[in-house]
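>>> need a structure here:
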Amino acid sequence: MDKNTITGLILIFLIFIGFSIYNNARLNKIYNEKITLADSLYKTGNYEKARTEYINALNIKPNQPDIILKLNDINLQLGLVQPDSLNKIVEQQEPEKVPAADLSEPAEGGTASYGIFSASASGSNDFITLENNLLELKISLKGGRIYSARLKEYRTYDSLPLILFDGDSTVFGFNFFTADNKPVQTNDLFFKFPSEERHFIVTDKPQSVSLYLYADSNKYIEYTYTLSPGKYTVDFNANFVSMSGVVAQNQNTITLDWRMYISQKEKSRQSEESYTTIKYKYYQDEVDGIKERSRNEIEKVDIPTRLSWVAFKDQFFSSVIITDRFFQNGTFSSTRLPASEKYIKYFTAEIGVPFVPSNPEPLQFKFYLGPNHFSTLKKEGYELEQIVTLGKNITRWINQYLIIPIFNWLNRYISNYGIIILILTIIIKIILFPLTFKSYQAQAKMMVLKPLVDEIAKKYPKQEDAMKRQQATMELYKRAGINPLGGCLPTLLQFPILYAMFRFFPTSIELRQEPFLWAKDLSTYDSILNLPFTIPLYGDHVSLFTLLMTASTIITMKMSGSTSGQDQPGMKVMMYMMPVMFMLILNNFSAGLTYYYFLANVLSYIQNLVSKRFINQEEILAKIEESKKKPLKKSKWQQRLEEAAKARGINPPKK
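Sure, this is the predicted structure:
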């Protein structure tokens, strides 16, 4: 690296730091001004304007507990939320972002608005607990829905119990019209549970609980939940008993209304948000979903065709509803929530369920409430493993049939995931070594020929001699038995594996909360220093594995550059700028990923040193001298061109 390149890199880094400090100071000033103004408005009772200023301040500095508490108080004062509702920060002019009204008590109009179900419009909101060794479900009599789902073997990044969804953050129920045209939403009605027992523990055999929503003593909807030992799946049956004259006869489907707030469970909100989305499987067809990493505030999709399952997934966990038959259609939406909230996104699903009012059959479903673990999901069937983000096409093929089997095999014998990644990297490097060696061999031969190529350039210095210069260079390569693309193609063939690892590590639940060296969690970034400011693109922390990856990349590229004889100033700048750009981008990524890239660079450096011993420069030069004594064999393509020229009466050029 020459002095100018070093100076340029230092200046670029200083500009980043300087801009970050300036921008951070400016934002702090604006934040303080807005808080001062909002506090004064709050004291004088001007709650609406104070609320606007507090929200604007939170857009600059999210997650300020004292400001969130004031906003909650203002929301109560303005009547935007009820005292027992969720503490949510929602702009009044954008109600569709968080449709909290959908989670409230039954609408005004009295119990008569529920027609034959009026007696069920009020009741006792007790809970039933159903649990096995993996899953604890709390089922609410209001709505008969699963009120919360706790995964016993997992915890959040801050060591709290990991609850997929809880309380009033979830809506689940059937929407339909009665024969007298009354709208019914089972989520708002109260079910009955005939037993006094409220806690059921599954041990050696499946356990079921049944709840009843009565229209009258002989007409009711029965919900049955069945949980088996050692399973993340819950069987759910909805049986409409003697309801042929209750449900409107002109309905051939009823709507399954499912809504959920997805809470933050991981350290990096940015990464978790990127992989939090809705997925669905077309009936007897492929899996699709709302695009991950979408920057749109709201994403909506309308599926008019049949579906097999719908999944609300985040980075490492999913809630899935499955049917053995099919859903008629589905309408889904995903809303990105402000960084000031503990929730990341708000999902809605309106799913059409086939229904015959004259003779309703039991509706049979399954819930999968568990981790996005590839092998676990694959055992459940229904192609649920497609929920796991592994890339597409060849990238997914590499992950599914190469990386995951090797990873799982190593995991049988080794418990330290840092060691597993090391061995996995070594195995991959051994598999790729023939390509790596061929690439290095071609680069080394090119370096041996560089003095001869320079002589050709001196022989044909003029621009009009460019064709002659190129022909002479290609003839030199041919006599030496070198393909100019020989060093590039093997390298390009390795890119799918590099990209497959880029997809594999950030969503691999095996790495979640697994420590290694200074990294406390290999599934997220390893911070060795938290900065008092935020550097654009880079972030507010320093990841050591990312720094090691960057340094090793520069060293490896420098070695490759010297081997291939790259001495153009432009190439040298690119050689150092690319690793710096990757450092900025990958600083917020999984420590497991940057650790893998660091190991791959170290092993590449060692492989290059080993390969260098197999390159005999004198042998290559001797081969060229020997080949000069022999006529250069023409390729079949060149022979055909000359034969075609002779047929047209054109004499071929003489050597």
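>>> count of neighbours near Tyr157?
Counted by other CB atoms under 10 Å, the residues lying close to Tyr157 total 18. (Glycine included, C-beta is placed from N, CA and C.)
>>> Quick check: it vs Ser120, distance?
Distance of Tyr157 to Ser120, computed by CB to CB, to the nearest Å: 41 Å.
>>> for Glu292, same thing?
Per CB to CB, Glu292 is found 40 Å from Ser120.
>>> of these two, who's got more company?
Legend: neighbour count by other CB under 10 Å for Glu292 and Ser120, higher for Ser120 (22 against 15).
>>> Need the residue closest to the centroid of this structure.
Tyr275 (2.7 Å; CA atoms, centre = their mean).
>>> Ala248 contacts Pro357, doesn't it?
Yes: Ala248 sits in contact with Pro357 when judged by CB atoms under 8 Å, with a separation of 6.6 Å.
>>> which of those two has more neighbours?
Set Ala248 next to Pro357 and count neighbours by other CB under 10 Å: Pro357 wins out with 19 against 15.
>>> If the closest residue to the more buried one other than its chain neighbours is in a bridge, with which residues?
Nearest non-adjacent residue to Pro357, counting by CB to CB, 6 or more residues apart in numbering: Val247, 4.5 Å away. Counting by DSSP bridges, Val247 is bridged to Thr178.
>>> what's around Val247, how many residues?
Neighbour tally, Val247, other CB under 10 Å: 23.
>>> Same check on His199?
9.
>>> wait, doesn't it sit right on Phe127?
No: assessed by CB under 8 Å, His199 is found out of contact with Phe127, at 9.5 Å.
>>> quick one: pLDDT of the residue nearest to Pro357?
Val247 carries a pLDDT value of 84.
>>> Next one: it relative to Pro360, how far apart?
Val247 is 7 Å from Pro360, by CB to CB.
>>> Can you work out which residues contact both of the two?
Residues touching both Val247 and Pro360 (CB atoms under 8 Å, 6 or more residues apart in numbering) are Phe240.
>>> hang on, the earlier thing: excluding residues flanking it in the chain, which one is nearest the residue nearest to the centre of the chain?
Gln315 (4.2 Å).
>>> now that neighbour: how far from Arg295?
On the measure of CB to CB, Gln315 and Arg295 end up 17 Å apart.
>>> higher neighbour count, those two?
Between Gln315 and Arg295, counted using other CB under 10 Å, the more crowded position is Gln315 (26 against 6).
>>> Got phi/psi on that one?
phi -60, psi -40 (degrees, to the nearest 10).
>>> from what I can see it touches Glu272, true?
Yes: counting by CB under 8 Å, Glu272 is a contact partner of Gln315 at 4.5 Å.
>>> Between the two, which contacts overlap?
With CB under 8 Å, 6+ apart as the test, Gln315 and Glu272 both reach 265-266.
>>> For Trp518, the count of nearby residues, please.
By the measure other CB under 10 Å, the count of residues near Trp518 is 11.
>>> Run a quick check on it versus Asp526, I expect a contact.
Yes: the criterion here is CB under 8 Å, and Trp518 meets it with Asp526 at 6.1 Å.
>>> can you list residues touching both of the two?
Shared contacts of Trp518 and Asp526, defined by CB under 8 Å, 6+ apart, comprise Leu544.
>>> Show me the helices in the stretch 351-500 of the chain, by range?
374-380, 393-398, 404-413, 417-459, 466-479, 489-504 (DSSP state H, counting those that start in this stretch).
>>> Next, the buried residues of the first one.
Buried residues in helix 374-380, counted by 16 or more other CB atoms under 10 Å: 374, 376-378, 380.
>>> which one of these sits closest to Asn588?
Ranked by distance to Asn588 (CB to CB), the buried residues of helix 374-380 are led by Phe374 at 24.0 Å.
>>> and Lys378, what is it in contact with?
Residues in contact with Lys378 (CB under 8 Å, 6+ apart) are 384-385.
>>> what about it, distance to Trp397?
15 Å.
>>> Ok, Tyr147 next?
Taken as CB to CB, the span from Tyr147 to Trp397 is 41 Å.
>>> now swap in Ile303 and tell me
In this view, Ile303 and Trp397 are 27 Å apart by CB to CB.
>>> Of the two, which one has the most company?
It is Ile303, of Ile303 and Trp397, that has more neighbours when counted by other CB under 10 Å, with 18 against 14.
>>> Would you mark the buried spots in the helix or strand encompassing Leu71?
Element membership of Leu71, judged by DSSP states H and E, is helix 65-78. For helix 65-78, burial by neighbour count (16+ other CB under 10 Å) applies to 67-68, 70-72, 74-75.
>>> counting contacts, what elements does that helix pack onto?
Applying 3 or more CB pairs under 8 Å, 6 or more residues apart in numbering; DSSP states H and E, we find helix 65-78 packed against helix 3-43, helix 47-60.
>>> What's the first helix or strand after that helix?
Per DSSP H and E, the first helix or strand lying C-terminal to helix 65-78 is strand 127-131.
>>> the inter-axis angle of the helix holding Leu71 versus helix 47-60?
Per axes from the mean of the first three to the mean of the last three CA atoms, to 10 degrees, the angle that helix 65-78 makes with helix 47-60 is 150 degrees.
>>> Just the C-alphas of helix 65-78, formatted as CSV.
Output of helix 65-78 as CSV, limited to C-alpha atoms (Å, rounded to 0.1, in the frame of the first residue of the first chain):
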residue,chain,number,x,y,z
PRO,A,65,-38.4,5.4,29.0
ASP,A,66,-39.3,8.7,30.7
ILE,A,67,-40.7,10.1,27.4
ILE,A,68,-42.7,7.0,26.7
LEU,A,69,-44.2,7.2,30.2
LYS,A,70,-45.3,10.8,29.5
LEU,A,71,-46.7,9.8,26.2
ASN,A,72,-48.7,7.0,27.9
ASP,A,73,-50.1,9.6,30.3
ILE,A,74,-51.0,12.0,27.5
ASN,A,75,-52.7,9.2,25.6
LEU,A,76,-54.8,8.5,28.7
GLN,A,77,-55.6,12.2,29.2
LEU,A,78,-56.7,12.5,25.5
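>>> what mean pLDDT does it have?
Rounded mean pLDDT across helix 65-78 is 71.
>>> same question, stretch 509-524
The predicted model assigns stretch 509-524 a mean pLDDT of 89.
>>> Likewise for stretch 161-178?
87.
>>> next one: it to chain centre, how far?
Distance of stretch 161-178 from the chain centroid (CA atoms, centre = their mean, to the nearest Å) equals 24 Å.
>>> Would you mark the buried spots in that stretch?
Of all the residues in stretch 161-178, those buried under the rule 16+ other CB under 10 Å are 162-166, 168-174, 176, 178.
>>> Let me know the closest of the residues you listed to Phe190.
Nearest to Phe190 among the buried residues of stretch 161-178 is Gly173, at 11.9 Å by CB to CB.
>>> Just give the nearest non-adjacent residue to the closest one, would you?
Among residues not flanking Gly173 along the chain, Asn187 sits closest, at 3.1 Å (CB to CB, 6+ apart).
>>> domain ranges for the protein?
Domains of the chain are assigned by automatic domain parsing as 3-80, 102-389, 403-617.
>>> Sitting in strands, which of the buried residues of stretch 161-178 do you find?
Counting by DSSP state E, the buried residues of stretch 161-178 place 162-163, 170-174, 176 in strands.
>>> Closest one of the residues you listed to Thr556?
For these, the nearest to Thr556 is Leu162 (39.6 Å; CB to CB).
>>> Give the bridge partners for the closest one, please.
With DSSP bridges applied, the residues forming beta bridges to Leu162 are Leu151.
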